[in-house]
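[1] the sequence isn't on hand, but the structure is:
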């Protein structure tokens, strides 16, 4: 089976999406890219995450743009995953969520400002991309454009998209940005959020590059 490890990770992290409240039902999607083989493993379209097995995860050839393995068709958002693997060498995993507070800000057409130092995991701030219909090339293009120089973007009236070097980092960004969206929204209701300076965020972004257990 092609991409056996990656397909198992898609299954495992799909369950985490639901268990940690980042989506409900069959919403959202996950993919992992093997850059050496040029193959993407992506969650199947419209399936319960707890019924998906590794063999159900679709494998798509990036260069050919066609499915070469998997029992079911890929997520309808596969174009929004593929565009990042094609155009950004620093992204090898993508997570798309419908998490409550990120989607709330996106429904308001608002991005996430530097309201918490943890936003620096994804950028100096998080932009909100204008609305485009789900599953379209237009959505893929606008998501790519608004996520330039960042690792997360809000999708107007839709949800959140995160990408990074591996699935663990990508999922962490999606989870932490949801928390930051929550605290920013609640602070806004309580009278307004204190926004950190661009200088502080640059410092935080630099420090996060060497934060934690860095592999040599």
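    Perfect, I can see it now. All values derive from a computational prediction rather than experimental measurement.
[2] okay, and the most centrally placed residue in the chain sits in which element?
    With distances taken as Cα atoms, centre = their mean, the residue of the chain nearest its centroid is residue 162 (2.3 Å). Assigned by DSSP states H and E, residue 162 belongs to strand 159-164.
[3] against residue 211, how distant is the most far-flung residue of the chain relative to its centre?
    Farthest-out residue of the chain from its mean C-alpha position, per Cα atoms, centre = their mean: residue 191, at 29.7 Å. Distance, residue 191 to residue 211, using Cβ to Cβ, to the nearest Å: 31 Å. To be clear about C-beta, it is placed using only N, CA and C from the backbone, and glycine gets the same treatment.
[4] circling back to that earlier point, partners of the residue nearest to the centre of the chain in the sheet?
    For residue 162, the beta-bridge partners under DSSP bridges are residue 95, residue 152.
[5] and it, what is it in contact with?
    94, 95, 96, 97, 122, 151, 152, 170, 171, 173, 174, 177 (Cβ atoms under 8 Å, 6 or more residues apart in numbering).
[6] surely residue 151 meets residue 174?
    No. Counting by Cβ atoms under 8 Å, residue 151 stays clear of residue 174, with 9.7 Å between them.
[7] these two: which is more packed in?
    Neighbour totals were compared for residue 151 and residue 174, and residue 174 leads with 32 against 22 (other Cβ atoms under 10 Å).
[8] doesn't the more buried one lie inside a helix?
    Yes. Residue 174: assigned to a helix according to DSSP: H, G, I helix; E, B strand; the rest coil.
[9] what residues are up against it?
    Residue 174 neighbours (Cβ under 8 Å, 6+ apart): 22, 95, 97, 99, 152, 160, 162.
[10] now, which of these sits nearest residue 55?
    Minimum distance to residue 55 across those is 21.3 Å, recorded for residue 95 (Cβ to Cβ).
[11] and the gap between the closest one and residue 167?
    Residue 95 is 8 Å from residue 167, by Cβ to Cβ.
[12] between these two, which contacts overlap?
    Joint contacts of residue 95 and residue 167 (Cβ under 8 Å, 6+ apart) are 13, 30.
[13] neighbour-wise, which of these two wins?
    Neighbours per residue (other Cβ under 10 Å) separate residue 95 from residue 167, with residue 95 holding more: 31 against 22.
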